[in-house]
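Colleague: got a predicted model here, sequence first, then my questions.
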Amino acid sequence: MTAQTDPQGPVTAVYKVSGMSCGHCEGAVSGEISRIPGVSSVKAVASSGEVTVVSAAPLDEEAVRTAVDEAGFELAGRA
């Protein structure tokens, strides 16, 4: 399977993350997810538990789950 860049532009996905309660939490989650290859933007919002990720191609949900786990939180799935 070969990864290809979407010719229509970036892909935006919104995930639900449980356990975020402050700006530090947002920064930890954003920092870990931003390390995934192809990610260009991450916006975490603790009050809603939503994390919006912009990437060059659709991300493997397991890669996102691993990044969120590394930050100390739990990925609840796509929003």
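Modeller: Arrived safely, thanks for sending.
Colleague: give me the secondary structure label for Ile36.
Modeller: coil (DSSP: H, G, I helix; E, B strand; the rest coil).
Colleague: quick one: it and Ser55 touch, right?
Modeller: Yes - Ile36 lies in contact with Ser55 (C-beta atoms under 8 Å); the separation is 7.5 Å. Placement of C-beta: from N, CA and C, glycine included.
Colleague: so which residues of the protein form strands?
Modeller: Using DSSP state E, the strands found in the chain span residues 11-18, 39-45, 50-55, 74-78.
Colleague: Ile36 and Ser55: who's more crowded?
Modeller: Taking other C-beta atoms under 10 Å, Ile36 and Ser55 do not tie; Ser55 has more neighbours (21 against 16).
Colleague: who does that one bridge with?
Modeller: In this entry, Ser55 is beta-bridged to Val11, Val39, by DSSP bridges.
Colleague: how close does Ser48 get to Arg78?
Modeller: 14 Å (C-beta to C-beta, to the nearest Å).
Colleague: ditto for Ala67
Modeller: Computed with C-beta to C-beta, the distance linking Ala67 and Arg78 is 15 Å.
Colleague: higher neighbour count, those two?
Modeller: Legend: neighbour count by other C-beta under 10 Å for Ala67 and Arg78, higher for Ala67 (24 against 10).
Colleague: ok, the more buried one touching Arg35?
Modeller: Yes - counting by C-beta under 8 Å, Ala67 does reach Arg35; the two are 6.7 Å apart.
Colleague: burial measure for Ala44, as a count.
Modeller: Residues lying near Ala44 (other C-beta under 10 Å) number 25.
Colleague: lovely, talk soon.
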